[in-house]
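Visitor: Next come a sequence and a model predicted from it.
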Amino acid sequence: MNNNLNRRNFLKTVGMTAAALAVHGCENSFKQASNIDKPNVIIIFCDDVGYADVGVFGAKGYKTPHLDRMAAEGVKFTDFYAAAPSCTPSRAALMTGCYPQRVSLPNVIGPSAKVGISSGEQTIAEVLKPLGYATACYGKWHLGHQPKFLPMRHGFDDYFGLPYSNDMWPKHPTSDRYPDLPLIEGERAIEYNPDQTQLTTWYTERSVRFIEKNKDRPFFLYLPHSMAHVPLFVSDKFKGKSEQGLYGDVMMEIDWSAGQILSTLKRLGIDKKTLVIFSSDNGPWLSYGDHAGLAKPLREGKGTTFDGGQRESTIMRWPGRIPAGTVCKEPAATIDILPTVAKLTGATLPAHTIDGKDIWPLMSGKPGVKSPHEAFFYYRGYALEAVRSRKWKLHLPHSYRTLAGREGGTGGQPTKYEQGKIDQSLFDLEKDIGEQNDVSAQYPDVVERLLGFAEQMRQELGDSSKKMKGSSRREPGRI
């Protein structure tokens with residue numbers, strides 16, 4: 001790729017005037033009345049953080065005191081899922097409340113992509129804007145870098161961050177840096193090849209200022225960290241601080257960032273008015289070894305539909321509304337956040353179909369409550385690979401990438417994956433969290449029931465392994 005041409009084209013596509021933003025409905029108008037009781041909402045969304053990378057989920061070699069305190073003061077979800085095992089589809093699902101196949105963003109997109117999030121979809125920000133919410137996104141977007149795909153066209157008043165993963169731009173042959181990686185403010189690239197050691201700090205500082213500015217009105221803050229995606233970067237505040245090397249340093253800084261958010265809420269006296277959610281987009285990129293997290297005791301990691309690829313260390317906190325120190329073991333997912341936030345704020349749900357459900361009864365610790373999902377579906381791309389219903393998870397025949405017991409790489413250099421295969425297999429996740437023991441022969445009725453769910457979803461969203469397109473996919477945004 002011609003780097004100079006790439007830079008000119010990017011500047012051309014993202015440049016916008018303030019007047020143009022106003023035309024597209026991004027001006028900061030809001031209703032002052034009847035907002036006093038509406039809760040603030042903050043989503044801290046990490047990248048490639050493993051199930052065992054937070055203290056209360058079993059992290060080793062470093063501490064996460066702020067996230068641990070968040071769990072002690074809120075609810076820890078043990079069975080919370082991202083809707084995909086990779087970046088773009090996972091984020092599309094979080095923002096829209098839909099399986100990524102429904103919004104036709106099932107795969108990771110990059111700088112040359114000609115698709116992104118559709119203007120016909122409604123993000124969490126767009127659902128909240130009619131209620132007078134201030135909205136901001138600081139961090140990794142990864143739903144398209146063309147102006148029509150960027151956050152300020154999708155309900156956000158402010159944006160600062162990277163449009164893609166921090167390794168997705170041409171790499172200079174004699175440098176470890178990425179010379180055309182753009183740092184965007186609003187819809188303008190303000191810097192190329194930014195100092196990535198400062199990303200977590202910059203995102204956090206912007207978030208704190210946004211909270212301070214909007215403390216007297218309801219707000220929605222989306223903080224999607226670029227870390228802990230490789231290449232790893234950390235500020236001098238935490239460099240060399242952990243026993244776990246650079247990855248541990250990065251996680252300590254993410255924990256510091258969460259602490260800054262929580263202390264700001266308390267300092268401003270809005271702690272009890274604010275729901276804070278911490279999670280990640282997918283599991284760890286295991287081939288990077290000491291530059292990747294851990295999913296233990298789960299099987300596999302990022303890029304697979306085993307639980308190591310999609311079950312996320314998730315914590316939710318809202319003092320006075322979410323009981324402190326509680327644990328939820330019912331299945332729930334990122335697709336549930338939009339409808340739950342809509343229920344809590346009185347917002348109107350999108351008119352089109354969404355897949356998420358209201359999980360406030362789970363969050364608030366209502367006794368005896370079960371997951372609102374009769375089944376949860378695991379797709380990779382457009383291929384349906386697994387179905388979970390309650391404690392049962394049925395894998396359909398598929399191939400997957402694996403290290404096959406080998407160690408990952410060192411120093412930021414990955415180990416090559418092998419291709420594994422799994423036949424139709426049923427796992428009891430209560431007894432077998434690592435998905436090791438196929439019990440399909442003992443429970444044929446369960447297999448038949450889950451196959452029924454799978455066939456229903458194939459009719460709706462398709463299954464490329466069966467050459468089925470499905471009847472209910474919506475088009476993505478296109479250029």
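Guide: Perfect, thanks for sending it.
Visitor: Name the residue closest to the centre of the chain, please.
Guide: Centroid check for the chain by C-alpha atoms, centre = their mean gives D281 as the closest residue, at 3.1 Å.
Visitor: Okay, that one and P85: tell me how far apart.
Guide: The gap separating D281 from P85 is 9 Å, by C-beta to C-beta, to the nearest Å. Placement of C-beta: from N, CA and C, glycine included.
Visitor: Show me how far stretch 121-135 is from its chain's centre.
Guide: 18 Å (C-alpha atoms, centre = their mean, to the nearest Å).
Visitor: mind listing what's buried in that stretch?
Guide: By 16 or more other C-beta atoms under 10 Å, the buried positions in stretch 121-135 come out as 121-129, 131-135.
Visitor: Which stretches in the stretch 351-479 of the chain count as strands?
Guide: 376-380, 383-389, 392-395, 398-402, 418-422, 425-428, 477-478 (DSSP state E, counting those that start in this stretch).
Visitor: Can you get me the start-to-end distance on stretch 214-226?
Guide: With C-alpha to C-alpha, to the nearest Å as the measure, stretch 214-226 spans 24 Å from end to end.
Visitor: Show me which residues of that stretch are buried.
Guide: Across stretch 214-226, burial judged by 16+ other C-beta under 10 Å covers 214-215, 217-226.
Visitor: before we move on, what about stretch 136-147?
Guide: In stretch 136-147, counting by 16+ other C-beta under 10 Å, buried: 136-147.
Visitor: residue ranges with poor pLDDT in the stretch 51-200 of the chain?
Guide: 170-178 (pLDDT under 70).
Visitor: tell me the secondary structure for the nearest residue to G97 once chain neighbours are set aside?
Guide: Spatially, and ignoring its direct neighbours in sequence, G97 is nearest to L338 (3.3 Å; C-beta to C-beta, 6 or more residues apart in numbering). At L338 the chain is in helix, as set by DSSP: H, G, I helix; E, B strand; the rest coil.
Visitor: Contacts only, for L338.
Guide: Counting by C-beta atoms under 8 Å, 6 or more residues apart in numbering, L338 touches 94-97, 123-124, 127, 349, 354, 356.
Visitor: Distance to I479 added to those residues, as CSV?
Guide: Converted to CSV, the contacts of L338 look like this (distance: C-beta to C-beta, whole Å):
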residue, distance to I479
L94, 23
M95, 19
T96, 19
G97, 24
T123, 19
I124, 24
V127, 25
L349, 28
I354, 25
G356, 28
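Visitor: Drop anything exposed from those residues.
Guide: Buried subset of the contacts of L338 (neighbour count, 16+ other C-beta under 10 Å): 94-97, 123-124, 127, 354, 356.
Visitor: so of those residues, which ones are in helices?
Guide: Mapping the buried ones among the contacts of L338 onto helices (DSSP state H) picks out 94-96, 124, 127.
Visitor: Thought W169 was touching A189, still the case?
Guide: No: taking C-beta atoms under 8 Å as the definition, A189 is not a contact partner of W169, at 11.2 Å.
Visitor: Overlap in contacts, those two.
Guide: With C-beta under 8 Å, 6+ apart, A189 and W169 have common neighbours P182.
Visitor: who has more neighbours, those two?
Guide: The neighbour comparison of A189 against W169 (other C-beta atoms under 10 Å) goes to W169, with 24 against 20.
Visitor: Give me the three-state assignment for the more buried one.
Guide: coil.
Visitor: okay but it is in contact with P111, surely?
Guide: Yes: the criterion here is C-beta under 8 Å, and W169 meets it with P111 at 6.2 Å.
Visitor: Give me the next element, helix or strand, following whichever strand or helix holds G308.
Guide: According to DSSP states H and E, G308 maps onto helix 307-310. Downstream of helix 307-310, the next assigned helix or strand under DSSP H and E is strand 311-317.
Visitor: Could you give the average pLDDT over that next one?
Guide: When pLDDT is averaged along strand 311-317, the result is 98.
Visitor: Could you list every helix and strand in contact with it?
Guide: Judged by 3 or more C-beta pairs under 8 Å, 6 or more residues apart in numbering; DSSP states H and E, strand 311-317 is in contact with helix 65-72, strand 75-81, strand 274-280.
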